[in-house]
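> Here is the input, now give the coordinates:
(chains A and B)
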Amino acid sequence: MQSEPPAKPLPLHSARPAPGEAPMTDQNEVHELSELLRLRREKLATLRSHGVNPYPYSFAKTIHISELLAQFDSIQEGEDHSGPEFAIAGRIVSVRIMGKAAFCHVRDEFGQMQVYVQRDRIGEAAFALFKLFDISDWVGIRGTAFVTKTGEQSLRASEVVMLAKSVRPLPVVKQQGDEVFDAFSDKESRYRQRYIDLAVNPENRGIFRSRAKIISAVREFLDARGYLEVETPALQPLYGGALARPFMTHYNALDRTFYLRIADELYLKRLVVGGFEKVYEICKDFRNEGMDRYHNPEFTMLEFYEAFADFEMIMNLAEELFRHVAQRALGATVVSYQGRTVDFGKPFRRVRFFDLLKEATGKELLGIPLPELGEIAKAHDVELTREMGEGKILDEMMKTLVRPKLVEPTFIYDYPLSLSPLAKKHRSDPRLVERFQPCALGFELGNAVSELNDPLDQRERFEAQRKLKEAGDEETQPIDEDFLSALEYGMPPTGGMGIGIDRLTMLLTDQESIREVILFPHLRS
RNA sequence: GAGAGCGUAGCUCAGCAGGUAGAGCACCGCCCUUUUUAGGCGAUGGUCCCGGGUUCGAAUCCCGGCGCUCUCACCA
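Next up is the predicted model:
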């Protein structure tokens, strides 16, 4: 069988419409296809004209390529080229046709291997059709294992099956010596067409495997400690639980504005009021903010709440959690990030918020008057805007003077009251709240507090937020009467924590941009 | 939201004192039954992001838009 032209040639080479002649739509579309795409469609038609279904329904694959390679020595064929048959399936990523035989590489999810296709082995007709197979086609191969003259573990094909014809070639990476061709490295293209990125740069699939492991390790850890996984609304009539601007949407049936959640905190605490003692949720939060390498407007957050616990107990739990997740995701507690290495297996450093600022500035900042605080901040080149209150200035100083230098895993605790509208006042100093943040390698990894359960105090905090809003602050916590009502019925002492899953994944997979750990990051369309 | 840079073949990129568009790889044809993402010979491939303007002539210069990247600001 020869690779004849298609039985019904596509109108590929027809001339452009003559002036004045109405263009025929289907022809027009074909005109717009590049030579490359047209040729693939011709091959598709040729396969069909020879009775091949280029999109069959299934394939009886018997082994992953990685498994086959792992047990290669014990399954090799004998000298007569007979041996146990295996069926692999994957994408063709390279082809070398040599007249009456051909080599190609086939890649599946977990590995890739060379396939040797001989005309006299699979038959003349099948070999002629095989010549229509291209890079990026999905194929099934049955054959026996052998090693080539040059020492590569390969599969000698006895049958090749088209599983899905690709009519648009992937830019499969090719390497010759030190030269790399076709590297698919443009960030925009990689994010926009993530499927190409994953297909062509299989190492990037590892990032998302790690991400999945991290999330399952979190569940494993919390489930084992009696936490209940719950789901709370993403569409909320009132947002809260964080200080951020929300996305707004319209609920047609109710004819009112709804918000995409910026946090699930207030709902999870309602559940603690309801009697669930340990709850957690891993969910998407949405914040109407800009995006950069640390922020995506839609991101994944873990929040967990435990009744009868305070922030110190949560701190101990968090330390174990980070250790467990690192161990599960990396197989070790040692984490390397952008050239720096820390060990999550060691006890975390625990240091007070104001002690860190004292280290950085040489001054005790707790309780000093606002004007003086501003002077000190300016003296350390911390940029201030006119409307910054005490909390924001302190936060800014922490962000610029301290956090970048926090490499070792650290818990910063005892935060100023003004920064934390949902945290309980400190048992030993009313100017502080019982709150901590875990940091490592310059990252802020989460936030935890002894949850405020005094309904009257909570109302005052909400009122303070309202005043900030009236003063023009767009990132305030609105008053949530139903939540206040829940607290009035009584919430036990509770410790709670939030951990940004995306950032944790960045850290554990050594990625410098959040977009590398989100499969489909937001891009302008 | 602000500043800087970028947008040319399927991919990665060159070309820019303005003169009909280039390379490598991929792709196509022929030869080749153990190659190393093969080899040899030959060919094809582009609305140079979009829209205006300057000019005899624009990928190149100017203006406007769109998109991306990197900084900065806000935030986790």
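> drop to CA atoms for contacts and neighbour counts, all remaining ones
Will do.
> what ranges do the helices span in the stretch 1-150 of chain A?
For the stretch 1-150 of chain A, helices defined by DSSP state H, counting those that start in this stretch occupy the ranges A:25-32, A:35-49, A:65-70, A:72-75, A:119-122, A:124-130.
> where do the strands sit along the stretch 251-400 of chain A?
All strands of the stretch 251-400 of chain A, identified by DSSP state E, counting those that start in this stretch, fall at A:256-260, A:278-286, A:298-307, A:334-337, A:340-343, A:349-352.
> Select, out of the ones you listed, the one closest to RNA strand B.
Taking CA to the nearest atom of the strand, strand A:298-307 is the member of the strands of the stretch 251-400 of chain A nearest to RNA strand B, at 4.9 Å.
> Show me how far that closest one is from its chain's centre.
16 Å (CA atoms, centre = their mean, to the nearest Å).
> Would you mind writing the CA trace of that strand as CSV?
Presented in CSV, the C-alpha positions along strand A:298-307 are these (Å, rounded to 0.1, in the frame of the first residue of the first chain):
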residue,chain,number,x,y,z
GLU,A,298,-8.3,33.7,42.5
PHE,A,299,-6.2,31.7,44.9
THR,A,300,-6.4,28.6,47.1
MET,A,301,-6.6,28.9,50.9
LEU,A,302,-6.6,26.5,53.7
GLU,A,303,-8.4,27.6,56.8
PHE,A,304,-8.8,25.5,60.0
TYR,A,305,-10.4,26.2,63.3
GLU,A,306,-10.1,24.3,66.5
ALA,A,307,-12.3,24.8,69.6
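> Buried residues, that strand. List them.
By 16 or more other CA atoms under 10 Å, the buried positions in strand A:298-307 come out as A:298-307.
> List the residues that contact A:V200.
When the contact criterion is CA atoms under 8 Å, 6 or more residues apart in numbering, the partners of A:V200 are A:170-173, A:184.
> Using PDB, write down the CA coordinates of stretch A:511-525.
Backbone C-alpha positions of stretch A:511-525 (Å, rounded to 0.1, in the frame of the first residue of the first chain) are rendered in PDB as follows:
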ATOM      1  CA  GLN A 511       9.000  28.400  41.900                       C
ATOM      2  CA  GLU A 512       9.600  32.200  41.800                       C
ATOM      3  CA  SER A 513       6.100  33.000  40.400                       C
ATOM      4  CA  ILE A 514       2.700  32.100  41.600                       C
ATOM      5  CA  ARG A 515       1.700  31.600  37.900                       C
ATOM      6  CA  GLU A 516       4.000  28.600  37.800                       C
ATOM      7  CA  VAL A 517       1.900  26.800  40.400                       C
ATOM      8  CA  ILE A 518      -1.500  27.700  39.100                       C
ATOM      9  CA  LEU A 519      -2.500  25.700  36.000                       C
ATOM     10  CA  PHE A 520      -4.400  28.500  34.400                       C
ATOM     11  CA  PRO A 521      -3.400  31.800  35.800                       C
ATOM     12  CA  HIS A 522      -5.400  34.900  35.000                       C
ATOM     13  CA  LEU A 523      -4.300  36.700  31.800                       C
ATOM     14  CA  ARG A 524      -6.000  39.500  30.000                       C
ATOM     15  CA  SER A 525      -8.000  38.200  27.100                       C
END
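> Show residues contacting that stretch.
By CA under 8 Å, 6+ apart, the residues outside stretch A:511-525 that reach it are A:191-192, A:194, A:207-208, A:211, A:292-297, A:337-338, A:502-503, A:505-506.
> Swap in 7 Å and give it another go.
A:191, A:194, A:207-208, A:293-295, A:502-503, A:505-506 (CA atoms under 7 Å, 6 or more residues apart in numbering).
> near RNA strand B, which residues of the stretch 101-250 of chain A show up?
Where the stretch 101-250 of chain A comes near RNA strand B, counting by CA under 7 Å from any atom of the strand, the residues are A:101, A:103-105, A:114, A:118-120, A:132, A:134-135, A:147-152, A:154, A:169-171, A:173-177, A:181-189, A:242-244.
> By mean pLDDT, flag the weakest helix or strand of chain A.
helix A:25-32 (a mean of 37; mean pLDDT, DSSP states H and E).
> related to what we said a few turns ago, now render the strands of the stretch 251-400 of chain A as a markdown table, adding mean pLDDT and distance to A:F411.
As requested, these are exported to a markdown table (pLDDT from 0 to 100; distance: least, CA to CA, whole Å):
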| stretch | mean pLDDT | distance to A:F411 |
| --- | --- | --- |
| strand A:256-260 | 92 | 30 |
| strand A:278-286 | 95 | 21 |
| strand A:298-307 | 95 | 17 |
| strand A:334-337 | 91 | 17 |
| strand A:340-343 | 91 | 14 |
| strand A:349-352 | 94 | 5 |
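> Tell me which of the ones you listed approaches A:K469 most closely.
Between A:K469 and these, the tightest spacing by CA to CA is seen for strand A:256-260, at 17.6 Å.
> what about that closest one and RNA strand B, touching?
No. Applying CA under 7 Å from any atom of the strand, one finds strand A:256-260 separated from RNA strand B by no less than 12.5 Å.
> do stretch A:398-411 as well
No. Using CA under 7 Å from any atom of the strand, stretch A:398-411 stays clear of RNA strand B, with a minimum separation of 7.9 Å.
> residues touching A:E444, list them.
Taking CA under 7 Å, 6+ apart, one finds A:437-438 in contact with A:E444.
> Let me see the confidence value for it.
Note for A:E444: predicted pLDDT of 86.
> who does it bridge with?
A:C439 (DSSP bridges).
> Output the lengthiest helix in chain A as PDB, nothing but the C-alphas.
The single longest helix within chain A, with elements called by DSSP state H, is helix A:203-224. Provided in PDB are the C-alpha atoms of helix A:203-224 (Å, rounded to 0.1, in the frame of the first residue of the first chain):
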ATOM      1  CA  GLU A 203       9.000  18.400  34.000                       C
ATOM      2  CA  ASN A 204       6.400  21.100  34.600                       C
ATOM      3  CA  ARG A 205       3.800  18.400  35.200                       C
ATOM      4  CA  GLY A 206       5.900  17.600  38.300                       C
ATOM      5  CA  ILE A 207       5.000  21.000  39.800                       C
ATOM      6  CA  PHE A 208       1.300  20.200  39.700                       C
ATOM      7  CA  ARG A 209       1.900  16.700  41.000                       C
ATOM      8  CA  SER A 210       3.600  18.300  44.000                       C
ATOM      9  CA  ARG A 211       0.800  20.700  44.400                       C
ATOM     10  CA  ALA A 212      -1.700  17.800  44.600                       C
ATOM     11  CA  LYS A 213       0.600  16.000  47.100                       C
ATOM     12  CA  ILE A 214       0.700  19.100  49.200                       C
ATOM     13  CA  ILE A 215      -3.000  19.400  49.300                       C
ATOM     14  CA  SER A 216      -3.600  15.700  50.100                       C
ATOM     15  CA  ALA A 217      -0.900  15.900  52.800                       C
ATOM     16  CA  VAL A 218      -2.800  18.800  54.400                       C
ATOM     17  CA  ARG A 219      -6.000  16.700  54.400                       C
ATOM     18  CA  GLU A 220      -4.100  13.700  55.700                       C
ATOM     19  CA  PHE A 221      -2.700  15.700  58.500                       C
ATOM     20  CA  LEU A 222      -5.900  17.400  59.600                       C
ATOM     21  CA  ASP A 223      -8.100  14.300  59.000                       C
ATOM     22  CA  ALA A 224      -5.800  12.300  61.300                       C
END
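> Beyond it, next helix or strand please.
Note on helix A:203-224: by DSSP states H and E, the next helix or strand toward the C-terminus is strand A:228-229.
> Who are the packing partners of that next one?
Contact partners of strand A:228-229 among helices and strands, from 3 or more CA pairs under 7 Å, 6 or more residues apart in numbering; DSSP states H and E: strand A:278-286.
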